[in-house]
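*Asks:* Structure for this input, please:
(one chain, ligands or ions: 1)
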Amino acid sequence: MDFKPPRPPAIATEGLNLRLASGQSELHILRDVTFRIEAGEVVAVVGPSGSGKTSLLMVLAGLERATSGSVEVAGTPITGLDEDRLALFRRDTLGILFQNFHLIGSMTALENVMLALEIAEDPRPLAELEKASKTALEAVGLGDRLGHLPSALSGGEQQRVGLARAIVNRPRLLLADEPTGNLDQATGGRIIDLIFSLARENDMAVMLITHDPRLAAKADRQLEMACGRLGERADA
Ligand SMILES: Nc1ncnc2c1ncn2[C@@H]1O[C@H](COP(=O)(O)OP(=O)(O)OP(=O)(O)O)[C@@H](O)[C@H]1O
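*Replies:* A predicted model of the protein is given here:
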């Protein structure tokens, strides 16, 4: 019999709250957020502007500390980790894809992807980092654009470099914050399809923030953020 040991969920949070000071007052940005995303699952998070979606992503990435509650990512409790351990956790477990690509303009596609590994202090020799970076760029269909600067790439191609950079460490979880926000409908749709096929091929979970209901509908499941509270989207 083919027995696979159960895998920990990609994300499991319990009672997350985030409060931030704003002048004299305090903003309660995340309110008792408890949810799970299973390993390999692709989940879209929708909700109005300012409802707390990006803040949740920042907490899950360990880039913002929750005021209370707990977060486990792929079995690692990140709530109490110090900065060094958080950096290791991001290197080994997470991929992050942003809306605005955040590519370095003076570096080629290949150098941009390699840089992510170097910043993360990946201990492998340079030749192996280069090989892994080429493989990631090939996976997003840019094997023939390795030496191009971002300015010589289309918006969709630049976002694919961003995606290659996010998956080059073969993460268990990809966090994507409006990755199609700057792209036209057709190009955005292709990026989403690519994210989904990479998720299937690599058994990678994805939490994808999007304002586009058509893109969200492609996910396995939808969650909705409203005023800092996260719930299953009823009509999805
Ligand atoms: N560092 C901060 N200091 C003060 N307020 C903040 C900070 N970060 C976020 N906020 C506030 O928290 C709320 C939630 O912001 P967040 O960016 O998480 O929303 P969002 O749902 O991602 O919005 P959008 O869809 O427009 O990106 C907003 O009211 C925002 O102004």
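
*Asks:* what sits up against the one helix or strand Leu175 maps to?
*Replies:* Leu175 belongs to strand 173-177 when assigned by DSSP states H and E. By CB atoms under 8 Å, 6 or more residues apart in numbering, the surrounding residues in contact with strand 173-177 are 10-11, 37, 53-54, 57, 60-61, 73-74, 93-99, 166-167, 195, 199, 204-209. Using the backbone N, CA and C atoms, a C-beta is placed for each residue, glycine as well.

*Asks:* what's the angle from the very next helix or strand once past that strand to strand 173-177?
*Replies:* Once strand 173-177 ends, the next helix or strand along the chain (criterion: DSSP H and E) is helix 185-202. Using axes from the mean of the first three to the mean of the last three CA atoms, to 10 degrees, the inter-axis angle of helix 185-202 relative to strand 173-177 is 170 degrees.

*Asks:* Check what contacts helix 185-202 and list those residues.
*Replies:* Contacts for helix 185-202 (CB under 8 Å, 6+ apart): 40, 42, 97, 139-141, 154-156, 159-160, 163, 167, 170, 174, 176, 179-180, 183, 204-206, 208, 210, 212, 214-215, 218.

*Asks:* how does it look with 7 Å?
*Replies:* Identification of contacts with helix 185-202 by CB atoms under 7 Å, 6 or more residues apart in numbering yields 42, 139-140, 155-156, 159, 163, 167, 170, 176, 179-180, 183, 204, 206, 208, 212, 215, 218.

*Asks:* Narrow the residues you listed to those in strands?
*Replies:* When the contacts of helix 185-202 are checked against strands (DSSP state E), the matches are Val42, Ala176, Val206, Leu208.

*Asks:* And the residue nearest in space to the middle of the chain, how far from Lys134?
*Replies:* Relative to the mean C-alpha position of the chain, the nearest C-alpha, by CA atoms, centre = their mean, is the one of Leu175, at 1.5 Å. Going from Leu175 to Lys134 by CB to CB, to the nearest Å gives 24 Å.

*Asks:* thought Ala205 was touching Leu60?
*Replies:* No. The criterion here is CB atoms under 7 Å, and Ala205 misses it with Leu60 at 11.1 Å.

*Asks:* got the residue ranges for the strands in this structure?
*Replies:* 11-22, 25-33, 36-37, 42-46, 68-73, 76-77, 94-97, 173-177, 205-209, 221-226, 229-232.

*Asks:* ok, Pro123 - contacts?
*Replies:* Applying CB under 7 Å, 6+ apart to Pro123 gives no contacts.

*Asks:* same check, this time on Ala136
*Replies:* Val113, Ala164, Ile167, Val168.

*Asks:* Then Arg31?
*Replies:* Asn17, Gly228, Arg229.

*Asks:* ok, and the most crowded of those?
*Replies:* When neighbours are taken as other CB atoms under 10 Å, the top entry among these is Gly228 (23 neighbours).

*Asks:* Check that one and give its pLDDT.
*Replies:* pLDDT recorded at Gly228 is 96.

*Asks:* For it, which non-adjacent residue is spatially closest?
*Replies:* Using CB to CB, 6 or more residues apart in numbering and skipping residues adjacent in sequence, the residue nearest Gly228 is Arg31, 4.0 Å away.

*Asks:* a markdown table for the strands of the chain, including distance to Leu129?
*Replies:* Shown next, in a markdown table, are the strands of the chain (distance: least, CB to CB, whole Å):
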| stretch | distance to Leu129 |
| --- | --- |
| strand 11-22 | 28 |
| strand 25-33 | 36 |
| strand 36-37 | 29 |
| strand 42-46 | 28 |
| strand 68-73 | 24 |
| strand 76-77 | 23 |
| strand 94-97 | 16 |
| strand 173-177 | 20 |
| strand 205-209 | 24 |
| strand 221-226 | 35 |
| strand 229-232 | 37 |
